[in-house]
Structures are given as C-alpha cells and as structure tokens.
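Asks: here is the input, now give the coordinates:
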Amino acid sequence: MKRQLVEELKSRMKLLQEREKSHTAELSHLEHKVKVLTEEASNRRALVDSLKRRLAVASREKSQQEAACLGLRQDLEKKSQRVEALQARVSASERSQSQLEQTATRQLEGLAQQSSLALDALQGRLTQQSSLALDALQGRLGLATKQLEQLTSFTKALASEVLVEVQEVRSELCRKRKRKRLEEVGDVGLKKSSVSRAQAVAASILNMTPTDLLHMLDTPPDTEEASTEDSRRDQEWLEQVMAILQQQIPAAGRLMEAVRVKMKERKVLTEELAALTAPVSEKA
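Replies: Modelled structure (predicted):
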C-alpha cells in the first residue's frame, strides 16, 4: 500500500517536474518575447520621436513656405498691377506714336518736296564742281606722272653712274695691283734688262708679243674669274634697281639700300686703291 502510494507520489512528482519544465520553457519563451517586444517598442518609440522631430521640421518648413508663398503672391499682385499700369502707358504711347507718325509723315512729305528741289539745284552745282575738280585732278595727275618719270630717269642715271664709278675704281685698283706685283718682282734682284731679254726669248718661244706675255705673267689665275663674277654681280645689282623702279609704287627703302650697298663697295675699293697709291707716292 505504501509502495503504491510512493509510486503514485513519484509519478505525480515526475508529472509536476515535466509541467515545471514546460512552464519554465514557456516562461523563457515569454521572457524572450517580452524582450523582443520591449526592443521593438523602444525602436518604435525612437521612430515616433524621429517622426515627431521630422514633423516639427516639416511644420516649420511649411510655415516658412507658406510665408514665402504669401510674399510671392503679394509680389505677384504688385507686379500684376505694375504690368497693368505699363500696359496702359504702352497703349497711350502707341496712340501718341501713331499721332506723331501721322504728323511726321505729313512733315516728311513736305520736306521731300523741298529736298527734291534742293537736290536738283545741288546736283547741278556738284556736277559743275566735279567737272572742274576732275580737270584739275587730271592735270595734277599728269604733272605727277611726268615728275615720276623724271625721278625714275634720274634714279636710273644715278645708278648707272654709280656702277660706272665702281667699275672704274675696280679697274684702276686692278692696274695698281699689277704695278705693285711688277715692282715686287723687280725688287727681288733681277735687272730690267735681264727681265726684258728673258721675256723676249719666252715670247719668241710661245709665238706671242712681249706685251701679251707680260699681261699673261701679271694676271693671276683667278683674275678672269673674279672679273666675270664682278660683272655678274654688277648686272644683278642693276637688274635689282630696275625692278624696284618698275614697280607701281617704288619702295624708297629698298632702292636706298641697294644704292647704299654699291656706294659702300665703291668706298671700300677707293680706300684699298688709296692704300696702294700711298706707298707708290712715297717712293716717287
């Protein structure tokens, strides 16, 4: 009997323990659920607070926008009033302009008639004056053409004269150089008589006159080439001057530069000629 009671108590205890475990698990689940709900409530509370703040900000912005909108509406009304006033003024101006145009048209018609008469008279006077001015201009143009032709002829003559002087100085310088070389040959120690006899023998051998032999001996190998080059440069310079003069409007600067180059060449040749002449004068 006691054993049966004990077993019954054990079974009840076991049942109570199982119930306790079930209640404990349920309690843990409920606590977890309460915790989750608490966190969710906190999050929602924070969200509500954030929404309240955003609502407050939106309310302030709405108030500001309403105030700005009210100001814009007032400005729009003022501008509408000004536009209406301006339209009224424009209408009045258009009417005044129409009246002025009509008045101006009548006055212009009168002025056109007067101007037509005045233009006819003025055209007659201008035609007469233009004819006189054209005759005078043609005369001045003819005079200028003649002056230009004379100036061109003078410039050509001047260029030719400068070129001739340069060529004369160059020729004289060439003769001085030959004479100096002859004097240098004579100073070596050969007597004139011995030189003459030797030149006569050489001329008879070469079948030429003594003068031709002397000219051949006195002329350096490059003298003929130099003379040809000088002639070519002189011809090019003269052609350059003529080309400048043949232009429709001759360039004074280019013409002056070309003449200055040839005059400078003449100066250099003259100085060299004077340098060669000075020692000869001293020996004399």
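Asks: helices of the chain, residue ranges please.
Replies: Counting by DSSP state H, the chain has helices at residues 2-187, 192-206, 210-218, 223-245, 252-283.
Asks: make TSV out of those and add mean neighbour count.
Replies: (Glycine included, C-beta is placed from N, CA and C.) Shown next, in TSV, are those (neighbours: other CB atoms under 10 Å):
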stretch	mean neighbour count
helix 2-187	11
helix 192-206	12
helix 210-218	13
helix 223-245	14
helix 252-283	13
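Asks: residue 241 and residue 175, how far apart?
Replies: Distance, residue 241 to residue 175, using CB to CB, to the nearest Å: 27 Å.
Asks: I meant residue 92, not that one.
Replies: As judged by CB to CB, residue 92 and residue 175 stand 105 Å apart.
Asks: same question, residue 39
Replies: Residue 39 is 130 Å from residue 175, where distance means CB to CB.
Asks: do residue 135 as well
Replies: Applying CB to CB, the value for residue 135 to residue 175 is 60 Å.
Asks: same check, this time on residue 85
Replies: Using CB to CB, residue 85 is found at 107 Å from residue 175.
Asks: ok, residue 88 next?
Replies: From residue 88 to residue 175 the distance is 108 Å (CB to CB).
Asks: now do the contacts for the nearest residue to residue 238 once chain neighbours are set aside.
Replies: With sequence-adjacent residues excluded and distances taken as CB to CB, 6 or more residues apart in numbering, residue 238 is closest to residue 163, at 6.1 Å. Neighbour list for residue 163: 234, 237, 238, 262 [criterion: CB atoms under 8 Å, 6 or more residues apart in numbering].
Asks: including distance to residue 269, could the residues you listed go into CSV?
Replies: Shown next, in CSV, are these (distance: CB to CB, whole Å):
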residue, distance to residue 269
234, 12
237, 14
238, 17
262, 11
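Asks: out of these, which comes closest to residue 34?
Replies: Among those, residue 237 lies closest to residue 34 (CB to CB), at 121.3 Å.
Asks: distance of that closest one relative to residue 118?
Replies: From residue 237 to residue 118 the distance is 63 Å (CB to CB).
Asks: for residue 246, grab phi and psi.
Replies: Residue 246 adopts backbone torsions of phi -80, psi -10, taken as degrees, to the nearest 10.
Asks: so where's the stretch 151-284 of the chain shaky on pLDDT?
Replies: 183-226, 248, 250, 278-284 (pLDDT under 70).
Asks: was I right to think residue 237 contacts residue 258?
Replies: Yes: between residue 237 and residue 258 there is a contact under CB atoms under 8 Å: 6.7 Å.
Asks: got a list of contacts for stretch 60-70?
Replies: Residues outside stretch 60-70 that contact it (CB under 8 Å, 6+ apart): none.
Asks: let me know the pLDDT of residue 96.
Replies: On the pLDDT scale, residue 96 is placed at 89.
Asks: how much space separates it from residue 182?
Replies: 110 Å.
Asks: what do you get for residue 117?
Replies: Distance of residue 117 to residue 182, given as CB to CB: 96 Å.
Asks: also residue 33?
Replies: For residue 33, the distance to residue 182 (CB to CB) stands at 142 Å.
Asks: contacts only, for the residue nearest to residue 177 when sequence neighbours are not counted.
Replies: Of all residues not flanking residue 177 in the chain, residue 276 sits nearest, at 6.8 Å (CB to CB, 6+ apart). When contacts are counted by CB under 8 Å, 6+ apart, residue 276 touches 173, 176, 177, 180.
Asks: right, and the first one touches residue 272 too?
Replies: Yes: proximity of residue 173 to residue 272 meets the contact threshold set by CB under 8 Å, at 6.0 Å.
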